[in-house]
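1. Provided below are the primary sequence and the corresponding predicted coordinates.
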Amino acid sequence: MKILKLLLLLLVLFVTSYAEDKISLAKKEISFSKEHPTVALRSDENGSLDTTDKAISTTNKERAEERKNDCISVKHDQQFSEEFFWYIVIAVILLVLFSVFRQFILNRYNKKLEEKVLKKVEELREKDELLFQKYRMAAMGEMLSMIAHQWRQPLGAISSAIMSIDVKLASGKFDLEDRDSRNEFMDFLEKKHNSINDYVHYLSETTDDFRNFFNPNRDKEETPLTKPIVNALNILQNFLEKHNISIIKDFQIDDHYLLYQNEIMQVIISMLKNSEENFSINETKDPTIVLRTYREENYYVISICDNGGGVPDEIKEKIFEPYFSTKKAKNGTGLGLYMSKIMIEDHHGGTLSVENIDGGACFYIKFNSPLSHQ
């Protein structure tokens, strides 16, 4: 559009200049000296001079020519080519048409490009959604396996308590007709009952933890920052004990936050399992994981640090990429850390990073600003 305006401006200036020149050159001007009023000159169509003064006509030729040169000043008409003018006009019109056509082509190209970009963005969104579903399905399989291990111990303890009661009754050790023996049996029964009740309560809490893990609810909840961490530890309790992993908790803050609680829990579980795998690969003695919550300037931070040897420098920048895994022999999907990064950064507006510190790896979850602070 700027080029079009410039061309139109040049056309206007050119036409104005042409009109002025046409007016100033339209007439021929013939001036003569007032000192010789007897002399009259006129110009024919070809611009030649016709003398009518008899005094000059009767004078010798040299004298007549001298008198004409002294008295007469002629300004010849300068003819302006109209053909050249129309060439200029046509050229300007062609340039204007070219500019309009060029703008039309650019607009159409930009529209197609915008459509391609929107299509690509939608494809990437669908791809991330499929990856997220694949990750959740893989996590669900792992969680079902953990549920079996998690429930095996309390169910075994409940079964053992019931069998103990049956054995006591069958052995006839307690004489229910004897008051002292009956009281002893009641104490024994109450002890077993309390033990069974504790295990049932534990199973109920574990069920709630797993239910929260698979909860598809996409609404954020105002919850203490440490709650999803504790829930993740409860789910992995038997898993961590089985691998002799010590857990150190250093919760310096427990502020309330608006979170997708089950997503934060999934991230913590992924970090803990990643540490366990490093312990196994590096055959770490006294494997230990330290979980901390603290405030750093304007950030709320959750850190998960271990002593499992750290992340090799050559792959540190790749571990958050999809399908990147160093655990092929253990059937690693390569999605755990990638999906963790998406859940922290895209869903919560935070950051997820890793550093090697003191012979181990530290994962840092940072929330840019508190969404809800009490």
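-> Arrived safely.
2. Where does pLDDT dip in the stretch 201-350 of the chain?
-> Residues of the stretch 201-350 of the chain meeting the criterion pLDDT under 70: 206, 209-218, 323-334.
3. hey, where'd the strands end up in it?
-> 221-224, 246-251, 256-259, 288-296, 299-306, 350-357 (DSSP state E, counting those that start in this stretch).
4. so which of these gets nearest Arg102?
-> Closest approach to Arg102 among these (Cβ to Cβ): strand 350-357, 45.2 Å. The C-beta positions use only the backbone N, C-alpha and C, and glycine is treated the same way.
5. Next up, the contacts around the nearest residue to Asn282 once chain neighbours are set aside.
-> Computed as Cβ to Cβ, 6 or more residues apart in numbering, the closest residue to Asn282 that is not its neighbour in sequence is Gly309, at 4.1 Å. Counting by Cβ atoms under 8 Å, 6 or more residues apart in numbering, Gly309 makes contact with 278, 281-282, 284, 359-361.
6. Show me the shaky parts of the stretch 1-150 of the chain.
-> For the stretch 1-150 of the chain, the ranges with pLDDT under 70 are 1-81, 132, 135-136, 138-143, 145-147, 149-150.
7. now the helices for the stretch 251-374 of the chain?
-> Assigned by DSSP state H, counting those that start in this stretch, the helices in the stretch 251-374 of the chain fall at 261-282, 336-341, 347-348.
8. between those, which gets nearest to Ile196?
-> Ile196 sits nearest to helix 261-282 of all the helices of the stretch 251-374 of the chain, at 28.3 Å, using Cβ to Cβ.
9. could you dump that closest one to PDB, C-alpha only?
-> The C-alpha trace of helix 261-282 is given here as PDB (Å, rounded to 0.1, in the frame of the first residue of the first chain):
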ATOM      1  CA  GLN A 261      -2.800 -32.900  42.700                       C
ATOM      2  CA  ASN A 262      -2.800 -36.200  40.900                       C
ATOM      3  CA  GLU A 263      -0.400 -34.800  38.300                       C
ATOM      4  CA  ILE A 264       2.100 -33.500  40.900                       C
ATOM      5  CA  MET A 265       1.800 -37.000  42.500                       C
ATOM      6  CA  GLN A 266       2.600 -38.600  39.200                       C
ATOM      7  CA  VAL A 267       5.700 -36.400  38.800                       C
ATOM      8  CA  ILE A 268       7.000 -37.200  42.200                       C
ATOM      9  CA  ILE A 269       6.500 -41.000  41.600                       C
ATOM     10  CA  SER A 270       8.300 -40.700  38.300                       C
ATOM     11  CA  MET A 271      11.200 -38.900  40.000                       C
ATOM     12  CA  LEU A 272      11.400 -41.500  42.800                       C
ATOM     13  CA  LYS A 273      11.300 -44.400  40.400                       C
ATOM     14  CA  ASN A 274      14.000 -42.700  38.300                       C
ATOM     15  CA  SER A 275      16.200 -42.500  41.400                       C
ATOM     16  CA  GLU A 276      15.600 -46.200  42.100                       C
ATOM     17  CA  GLU A 277      16.600 -47.200  38.600                       C
ATOM     18  CA  ASN A 278      19.800 -45.200  38.900                       C
ATOM     19  CA  PHE A 279      20.600 -46.900  42.200                       C
ATOM     20  CA  SER A 280      20.100 -50.300  40.500                       C
ATOM     21  CA  ILE A 281      22.300 -49.400  37.500                       C
ATOM     22  CA  ASN A 282      25.100 -48.000  39.600                       C
END
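10. buried sites along it?
-> 261-279 (16 or more other Cβ atoms under 10 Å).
11. returning to that earlier point: for Val354, find the nearest of the helices of the stretch 251-374 of the chain.
-> Closest to Val354 of those, according to Cβ to Cβ: helix 336-341, at 8.5 Å.
12. residues near Ala177, how many?
-> Ala isn't right for residue 177; it's Glu. Using other Cβ atoms under 10 Å, Glu177 has 7 other residues around it.
13. does it sit in a helix, a strand or a coil?
-> At Glu177 the chain is in coil, as set by DSSP: H, G, I helix; E, B strand; the rest coil.
14. Can you give me the pLDDT of it?
-> The model reports Glu177 with a pLDDT of 73.
15. Name all residues that make contact with it.
-> By Cβ under 8 Å, 6+ apart, Glu177 has no neighbours at all.
16. From Glu184, how far off is it?
-> 13 Å (Cβ to Cβ, to the nearest Å).
17. Same question for Asp306.
-> 50 Å.
18. before we move on, what about Tyr199?
-> Counting by Cβ to Cβ, the gap from Tyr199 to Glu184 is 23 Å.
19. hmm, back to that, what values do phi and psi take at the residue nearest to Asn282?
-> Per-residue torsions, Gly309: phi 100, psi -10 (degrees, to the nearest 10).
20. Mind naming the longest helix for the chain?
-> When the chain is parsed with DSSP state H, its longest helix is helix 82-171.
21. Having no further points to raise, I will conclude here.
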